[in-house]
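J.: here's my sequence, what's the structure:
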Amino acid sequence: MFRPAKLRRTQSWTLRGDRLTGPGGSVALRSVQHLTLVQMRSGGMRMMRFDLETGSQIARLQITTSARRRQEDPDHTAFLALLSEISERLAEVRPGLTYRMEETGRARLAFFLIGTAALLVGVALTLLLGVGFQHQPRIFLMALPGLLSIKVAGAVAAWRFWPFRQPEEYPIATLPFILWTLGGPRPARLPEGRDLPEAFGKSG
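T.: Model (predicted):
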């Protein structure tokens, strides 16, 4: 159980065998066709989302926590533990499954359009202010850092979410190790005394 956000109620998720049951119903892990793990930061907050897609439904687990955690967050710990348990079970029942760590579909297109719009707005404002304050260069120079930030942020978003680039896919067996690096539990497949690079080499 974990709270998806500070002011939200606790959600209860259970994994029995290969069936994951949560607030929106249940999904059989053997039926999962696509898997996505996404992280995003905004200001002092961090969002993590885990989507399991079958042919007819999507099970979504999501949590928003502080990006500046000074002490252990029990909700975040429980969330990562659940994801690790799910991923290890998926590696058993769907060993050929892969996962992505980027937005896909409409969400990817939306972020791309937002980034492109920000870039174009930044360029347009730079031109307009350059013309409007051509006799007051000091004011224009003071505005340049903010305009540059808008253009850089837009360009980065447009490049990152370029809709014609297929996101990288990774073997499901590596996901418990990724979650471990994010603060999750030690993977069950990692023998005592073996470090992370050795474990990845063995999993291949």
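J.: what's the helix or strand hosting residue 148 packed up against?
T.: For residue 148, the element it lies in under DSSP states H and E is helix 137-160. Packed against helix 137-160 by the contact rule (3 or more CB pairs under 8 Å, 6 or more residues apart in numbering; DSSP states H and E) you find helix 105-132. C-beta here means a position set from N, CA and C on the backbone, and glycine is covered the same way.
J.: re the thing from before, give me the angle between the helix holding residue 148 and helix 105-132.
T.: 160 degrees (axes from the mean of the first three to the mean of the last three CA atoms, to 10 degrees).
J.: need the residues that contact helix 137-160.
T.: Applying CB atoms under 8 Å, 6 or more residues apart in numbering, the contact partners of helix 137-160 are 102, 111-112, 114-123, 125-126, 129-130, 133-134.
J.: skip the chain neighbours and tell me the closest residue to the residue nearest in space to the middle of the chain.
T.: Nearest to the geometric centre of the chain sits residue 38, at 1.5 Å (CA atoms, centre = their mean). Take residue 38 and drop its neighbours on the chain: the residue closest to it by CB to CB, 6 or more residues apart in numbering is residue 49, 4.7 Å away.
J.: give me the domain ranges for the protein.
T.: 14-101+168-203, 106-160 (automatic domain parsing).
J.: for residue 3, which of those is the nearest?
T.: domain 14-101+168-203 (4.7 Å; CB to CB).
J.: report pLDDT for residue 97.
T.: pLDDT for residue 97: 94.
J.: could you count how many residues lie near the nearest residue to it once chain neighbours are set aside?
T.: Leaving out its chain neighbours, the residue that sits closest to residue 97 by CB to CB, 6+ apart is residue 172, at 4.3 Å. Neighbour count of residue 172, defined by other CB atoms under 10 Å: 22.
J.: thinking again about what came up before, got the domains of the chain as JSON lines, with distance to residue 7 columns?
T.: Formatted as JSON lines, the domains of the chain follow (distance: least, CB to CB, whole Å):
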{"stretch": "domain 14-101+168-203", "distance to residue 7": "10"}
{"stretch": "domain 106-160", "distance to residue 7": "24"}
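J.: buried ones only from the contacts of helix 137-160, please, as a PyMOL command.
T.: Buried residues among the contacts of helix 137-160 (16 or more other CB atoms under 10 Å), as a PyMOL selection:
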select buried, resi 102+111+112+115+116+118+119+122+126+129
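J.: now for this structure, the helix or strand with the poorest mean pLDDT.
T.: The weakest-scoring helix or strand in the chain, judged by mean pLDDT, DSSP states H and E, is helix 196-203 (a mean of 47).
J.: phi first, then psi, for residue 43.
T.: Reported as degrees, to the nearest 10, the phi and psi values for residue 43 are phi 60, psi -130.
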